[in-house]
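Asker: here is my input, please return the structure:
(one chain, ligands or ions: 1)
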Amino acid sequence: MSTPGPEFFHATDRAQTARPLAQEFRTAYGTDPEGVWSAPGRVNLIGEHVDYTGGLCLPLALPHRTFVALRPRTDGVVRVRSLQEPSGVVEVPLAEVGAGSPQGWAAYVAGVPWALLQNGFEGLALTGGFDALVDGHVPYGSGLSSSAALECAVAVALGELVELPLDDTGRAGLASACQLAENVVAGANTGGMDQAASLRCHEGGAILLDTDDDSVTQVALDLAGAGLALLVVDTRAEHSHAGGEYGKRRADVERAAELLGVANLRAVDPAALDAALERLGTEPDGEVLVRRVRHAVTEIDRVRRTADLLQTGRADEVGPLLDASHDSLRDDYEVSCRELDLTVDTARAHGALGARMTGGGFGGSAIALVAAERVEEVAGAVAAAFAEQGLAAPRFLTALPSEGAARDL
Ligand code: GLA
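Answerer: Model (predicted):
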C-alpha cells in the first residue's frame, strides 16, 4: 500500500485573493471597502523564547498572509466578519474594548484601534470604528503567527488611514500597539517578535530584532542562491497547556533576572554565564533557573553568530547553531514535545543541515534547513515517521522571505 505524498500548504497569490475579498465585502456590507491590506505570518530562524528578556531574534515573514478589507465608520462601532468563521458578524462598540474584551478572534481586530489610542495615536479611523472582512491564509494553530498577521493587517490599514508614515519607525509603533492588543485585549502575555516580523520584514530577508531597544537590522537571506531551502513542518500537535507554560517560562526568567540584579537576561554576558549560574544554583529552585538562564544566554549568543554567518554569505554553516538551539529548547527550556523532536530527529537523519522547533513550542511547527533538491525527500521522511508512530499527518511549507504588512488594493 502506498502512503500519500507530503501535503504542502501553498501561499495564495495576493492580487487574486484581494480582489474577490473586496467583492465579498460589498456583498456583506453593501458598500465598497476603502482598501484591502494584508500581513504575513512569520517563522523564526533562531532566537526562541528570548524576546521577553531583551534578547535577539531572527524571524522572517512568510508568503502566507491574512487579508483584511476595511471601511471606516463614524459611529464608534467595529463590525467584523471572517471568511473562515461561519458564525457571521461580530459587532463591538469601541467603548467596550479593553482587558479581556471582546473575547475570541475579534480581540485581534478590535484590540488594535484600542491599543493605538492607548499608545497616543489619533484619528477618526481609530475612534470612529470600521467594517472589516477577514480572509486568513496563514495556517491556523501552527505556531506561525496567524494572530499577529490578523492584528498587523488591521494595524497597517488603520495606520494608513490615519496617515502614519509607514517607514520602519511607523511600523515599529504599529508593532508595539499590536503587542499591547495581544497582551491586554486577547490576554496572551507574549513578547513582540511576531508583530515585528509581520510589520518590519522585507522581501528577501530576515530581521535581526533587538528586543532590548526595539531596533531592527535587515539581514539578506538568499537561501536559494546558496542552494538551500527552509522547510517548515506544521506538526499539527495540540498544545493545550501552552498558554500556562509560556507564562511560567516568562516568570522563571523574570525571577532569575531579579535574583541576578539585572533588568533582563540580555544583560548577562556569555563570558559571565558560569558565574551567574553558580549564583542561581544556591537558590531553592536554582536547578530550574540555571537551565532557563543557560538557554536564554546561549540562545542570544547563537543568534549573533547566525546573523554573522548570514551577513558574510555563509548560510550553509548555520545548521549546527539551529541544532544547538533545538537541544537547548528541549533540554534546558523544556518547551519541545514528542512531535517536534520527531520532526527534528527525522530531518537531521535525512540530511538536513540543521533543524529546530520554532515559535512558542509544545506543538506547532519545526524548521529544517535542507539542500533545495532534498525538500521533498525530507518532507516525505517526516510524513512517514509520523504515520509510523500513528500521529496525524503533518503539513509542510517552504519559507521564502516575504514582504511585511502592506496594502494590496
Ligand atoms: C510566541 C510568542 C513570541 C515568542 C515566541 C517564542 O510565538 O508570541 O513573542 O516569545 O513564542 O520565541
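Asker: how far does stretch 358-365 sit from its chain's centre?
Answerer: 10 Å (CA atoms, centre = their mean, to the nearest Å).
Asker: now the longest strand along the chain: average pLDDT?
Answerer: As assigned by DSSP state E, the longest strand anywhere in the chain is strand 59-72. Mean per-residue pLDDT for strand 59-72: 98.
Asker: same thing with stretch 267-284?
Answerer: 97.
Asker: so for that stretch, what gets flagged as buried?
Answerer: 267-268, 273, 276-277, 279-280 (16 or more other CB atoms under 10 Å). C-betas here are computed from N, CA, C, even on glycine.
Asker: gap between it and the chain center?
Answerer: That offset, for stretch 267-284, works out to 30 Å (CA atoms, centre = their mean).
Asker: now the strands for the stretch 1-150 of the chain?
Answerer: Applying DSSP state E, counting those that start in this stretch to the stretch 1-150 of the chain gives strands spanning 7-8, 35-44, 56-57, 59-72, 77-82, 85-93, 129-136.
Asker: might you enumerate the residues of the chain proximal to the ligand?
Answerer: 48-49, 51-52, 190-191, 193-194, 359-360 (CB under 6 Å from any ligand atom).
Asker: now a PyMOL select for only the buried ones of those.
Answerer: Applying 16+ other CB under 10 Å to the residues of the chain next to the ligand, the buried members can be selected in PyMOL as follows:
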select buried, resi 48+49+51+52+190+191+193+194+359+360
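Asker: let's have the residues of the chain next to the ligand in CSV, adding pLDDT.
Answerer: Formatted as CSV, the residues of the chain next to the ligand follow (pLDDT from 0 to 100):
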residue, pLDDT
Glu48, 98
His49, 98
Asp51, 98
Tyr52, 98
Thr190, 95
Gly191, 97
Met193, 98
Asp194, 98
Gly359, 97
Gly360, 96
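Asker: how far off centre is the longest strand of the chain?
Answerer: Distance, centroid of strand 59-72 to centroid of chain: 13 Å (CA atoms, centre = their mean).
Asker: convert it to CSV, retaining C-alpha atoms only.
Answerer: Output of strand 59-72 as CSV, limited to C-alpha atoms (Å, rounded to 0.1, in the frame of the first residue of the first chain):
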residue,chain,number,x,y,z
PRO,A,59,12.4,35.9,12.1
LEU,A,60,11.3,36.2,8.5
ALA,A,61,7.9,36.9,7.0
LEU,A,62,6.2,34.0,5.3
PRO,A,63,4.5,34.3,1.9
HIS,A,64,1.3,33.2,3.7
ARG,A,65,-0.8,36.2,4.6
THR,A,66,-4.0,37.3,6.3
PHE,A,67,-6.1,39.8,4.2
VAL,A,68,-8.4,42.5,5.6
ALA,A,69,-10.9,44.5,3.5
LEU,A,70,-11.8,47.5,5.6
ARG,A,71,-14.0,50.6,5.5
PRO,A,72,-14.1,53.2,8.3
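Asker: tell me the angle that strand makes with strand 129-136.
Answerer: In terms of direction (axes from the mean of the first three to the mean of the last three CA atoms, to 10 degrees), strand 59-72 departs from strand 129-136 by 140 degrees.
Asker: what's the angle from strand 59-72 to strand 77-82?
Answerer: Going by the same axes, to 10 degrees, strand 59-72 makes 120 degrees with strand 77-82.
Asker: so what does strand 59-72 touch, helix or strand wise?
Answerer: helix 14-29, strand 35-44, strand 129-136, helix 146-161, helix 193-200, strand 205-210 (3 or more CB pairs under 8 Å, 6 or more residues apart in numbering; DSSP states H and E).
Asker: which residues are contacting the first one?
Answerer: I take that to be helix 14-29. Here helix 14-29 makes contact (CB atoms under 8 Å, 6 or more residues apart in numbering) with 32-33, 36, 38, 65, 67, 69, 71, 79, 81, 83, 89, 131, 133, 135, 137, 408-409.
Asker: switch the cut-off to 10 Å
Answerer: 11-13, 31-38, 63, 65-71, 73, 79, 81, 83, 88-89, 131-135, 137, 402-403, 406-409 (CB atoms under 10 Å, 6 or more residues apart in numbering).
Asker: buried subset of the residues you listed?
Answerer: 11, 33-38, 63, 65-71, 73, 79, 81, 131-135, 137, 402-403, 406, 408-409.
Asker: the strands of the stretch 1-150 of the chain: lowest mean pLDDT?
Answerer: When I compare these, strand 85-93 is least confident, with a mean of 92.
Asker: let me know the angle separating that one from strand 129-136.
Answerer: Using the same axes, to 10 degrees: strand 85-93 against strand 129-136 is 160 degrees.
Asker: what comes into contact with strand 85-93?
Answerer: 28-29, 75-82, 101-107, 109-111, 114, 129, 131-134, 136.
Asker: give me the buried subset of those.
Answerer: 28-29, 77-82, 101-102, 105-107, 109-111, 114, 129, 131-134, 136.
Asker: now the residue of the stretch 201-350 of the chain found nearest the ligand: which helix or strand?
Answerer: Nearest residue of the stretch 201-350 of the chain to the ligand, counting by CB to the nearest ligand atom: Tyr246, 6.8 Å away. Element membership of Tyr246, judged by DSSP states H and E, is helix 242-260.
Asker: what residues are up against the residue of the stretch 1-150 of the chain found nearest the ligand?
Answerer: Nearest residue of the stretch 1-150 of the chain to the ligand: Glu48, at 4.0 Å (CB to the nearest ligand atom). Residues counted as contacts of Glu48 (CB under 10 Å, 6+ apart) are 55, 57-59, 193, 295-296, 299, 302-303, 325-326, 328-329, 333, 335, 356-361.
Asker: repeat the analysis, applying 8 Å as the threshold.
Answerer: Glu48 neighbours (CB under 8 Å, 6+ apart): 57, 299, 325, 329, 333, 335, 356-359, 361.
Asker: would you turn the strands of the stretch 1-150 of the chain into JSON lines with distance to Glu258?
Answerer: As requested, the strands of the stretch 1-150 of the chain are arranged in JSON lines below (distance: least, CB to CB, whole Å):
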{"stretch": "strand 7-8", "distance to Glu258": "46"}
{"stretch": "strand 35-44", "distance to Glu258": "26"}
{"stretch": "strand 56-57", "distance to Glu258": "21"}
{"stretch": "strand 59-72", "distance to Glu258": "28"}
{"stretch": "strand 77-82", "distance to Glu258": "39"}
{"stretch": "strand 85-93", "distance to Glu258": "38"}
{"stretch": "strand 129-136", "distance to Glu258": "39"}
